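Engineer: got a sequence here, can you model it:
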Amino acid sequence: MFEEGQYFAPVVTKGDGSLSVELGDGHPGLNDPVYRERRDLLATQADRWRPGEPAADVAYTPEEHEVWRVVCEDLKAKHQTYACREFLDGKEALGLPLDRVPQLEELSDKLEPMTGFRYRPAAGLVPLRDFYGALADRGFWATQYVRHHSVPLYTPEPDVLHEVVGHGNTLADRRFTELYEAAGHAARRVESDEALEFVSKVFWFTLEFGVVHEDDGLKAYGAGILSSPGEIEEFRGMTIRPLDIVDMGTQDYDITHYQEVLFAGRSFDHVRDVVGTFWAECTDDSIAKLRAEAA
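Structural biologist: Numbering: from 1, shown residues only. Below is the predicted model:
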């Protein structure tokens with residue numbers, strides 16, 4: 001089910017040069033004209049960003065700040081229970097506000113002295129080579145919109161809560177960002193679409209939906225789990241497999257549902273060793289051999 005740029009909602013350019021975001025059937029905001037206009041506005045603003053410029057601020061509404069507050073409040077205790085130690089260290093270091101949506105530029109100014117990373121505003125679909133390649137330059141593409149207010153604890157697509165609460169806390173810790181950078185270099189190194197797909201799937205099952213064993217139970221470090229108030233309570237009940245590069249790189253998944261198969265490291269250091277080494281050394285040829293092994 002690999003699709004280029006799958007992390008972002010598709011957008012189209014209108015006749016006047018502005019953008020329109022295409023929401024899928026069943027999206028909570030599909031029939032809300034105010035929300036759709038808001039999404040189009042933020043996409044157009046992000047599309048006008050150019051490298052070297054600061055990310056434009058968003059004038060978030062009281063309703064959007066309230067969605068942020070509700071989600072962060074819900075996740076506060078859940079992180080203490082379900083997040084791995086390394087994620088909690090990053091969360092403490094970054095110190096995200098709990099009562100308002102922070103600006104990407106504000107976060108970049110905090111992250112850069114810690115790990116060198118800065119956010120880049122994403123209008124919508126970002127080609128995978130660009131998305132992952134930016135990681136090699138310590139850049140992270142991120143949406144700025146807030147999920148629909150009718151279901152604050154659910155989003156069918158990555159929003160600013162996912163980008164910041166999920167990924168932002170990991171971007172504040174070098175143990176994580178070493179992996180982000182390695183994934184970026186791997187994506188730039190490989191040339192075939194099949195190899196890029198393999199690299200992206202390993203990213204999906206680690207930095208998006210990775211889990212590790214700790215002394216007091218299975219913990220999450222993936223941003224997709226740690227930014228989801230629902231999935232964070234369900235991941236321990238999923239099929240848990242040992243960390244394995246071949247299995248992760250060839251495992252299909254559905255982005256529209258909770259992940260049914262997860263891969264657990266013996267520790268986060270184990271993840272850094274196995275996954276970091278793979279991304280640091282992988283080539284088209286080496287990945288082709290792994291794919292042949294799986295077949």
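Engineer: what is the neighbour count of residue 53?
Structural biologist: Close neighbours of residue 53, defined as other CB atoms under 10 Å, add up to 11. Using the backbone N, CA and C atoms, a C-beta is placed for each residue, glycine as well.
Engineer: quick one: the helices in the stretch 101-250 of the chain?
Structural biologist: Taking DSSP state H, counting those that start in this stretch, the helices of the stretch 101-250 of the chain run over residues 104-115, 128-136, 160-161, 169-170, 174-189, 193-203, 223-226, 245-250.
Engineer: need those helices in TSV (columns: mean pLDDT).
Structural biologist: Listed next are the helices of the stretch 101-250 of the chain as TSV, based on pLDDT from 0 to 100:
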stretch	mean pLDDT
helix 104-115	98
helix 128-136	94
helix 160-161	96
helix 169-170	98
helix 174-189	98
helix 193-203	97
helix 223-226	97
helix 245-250	98
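Engineer: need the ones you listed in a markdown table with mean neighbour count and distance to residue 286, can you?
Structural biologist: Formatted as a markdown table, the helices of the stretch 101-250 of the chain follow (neighbours: other CB atoms under 10 Å; distance: least, CB to CB, whole Å):
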| stretch | mean neighbour count | distance to residue 286 |
| --- | --- | --- |
| helix 104-115 | 17 | 28 |
| helix 128-136 | 20 | 17 |
| helix 160-161 | 26 | 36 |
| helix 169-170 | 26 | 26 |
| helix 174-189 | 21 | 10 |
| helix 193-203 | 22 | 9 |
| helix 223-226 | 26 | 27 |
| helix 245-250 | 20 | 10 |
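Engineer: mind giving me CSV with these and columns for distance to residue 97?
Structural biologist: Putting those into CSV (distance: least, CB to CB, whole Å) gives the following:
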stretch, distance to residue 97
helix 104-115, 9
helix 128-136, 25
helix 160-161, 12
helix 169-170, 13
helix 174-189, 21
helix 193-203, 28
helix 223-226, 17
helix 245-250, 34
